[in-house]
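Peer 1: need a structure here:
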Amino acid sequence: MSIHRADVKDIQAILFVINKSNREAYRKIIPTEYFKEPILTPDELLKEFEKMTFYTCKIEKVTVGVAALRIMEDKVGQIRWVYVLPERQRKGVGTSLLNYIEKEAMKMKLEKLRVLTNDNAYWAKNFYSKLGYKMISKIPRPWGMDATYEKTLV
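Peer 2: Predicted structure coming up:
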């Protein structure tokens, strides 16, 4: 397993992981009228690359996990697009990605990291909680609630 900072040559692999994983995880908990398929297009991903740094986790040269870090205000970073292929979940890929991003964030002198997830995504909430993230707020959405989790790094 290896984790690296992604670049534009990784776009197709990143799109595959995000769109497949999102479809499998969220199509059952987000009402059809709000569920976007695919969740991310190539053009949208390119715009996301301008705002944040993407990281990929590869096993035998195949991208199996993705996550991104966006630097916000006041030494706070936002973790986005955390996805692991369904067949690779519960094997340490997500944990490895988050641990890597946390180390990168500390090098950048960030003091806190935040991540947003659907409040009905119990698996994501459990995952972030096990890694030391605490729920700090809920945000109403047309499809329900999103939950914001935060972890202090320093």
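
Peer 1: which phi and psi does the spatially most distant residue from the centre of the chain have?
Peer 2: Within the chain, the residue lying farthest from the chain centre (Cα atoms, centre = their mean) is residue 33, at 22.9 Å. In terms of degrees, to the nearest 10, the main-chain angles of residue 33 are phi -70, psi -20.

Peer 1: Find the residue ranges of the protein scoring beneath the pLDDT cut-off.
Peer 2: Nowhere does the chain drop to pLDDT under 70.

Peer 1: change it to 90
Peer 2: Within the chain, the segments meeting pLDDT under 90 span 73-74, 154.

Peer 1: secondary structure element for residue 100?
Peer 2: Using DSSP states H and E, residue 100 sits in helix 93-107.

Peer 1: ranges for the strands of the protein?
Peer 2: Under the criterion DSSP state E, the chain contains strands at 2-5, 53-59, 62-71, 76-84, 112-118, 134-141, 144-152.
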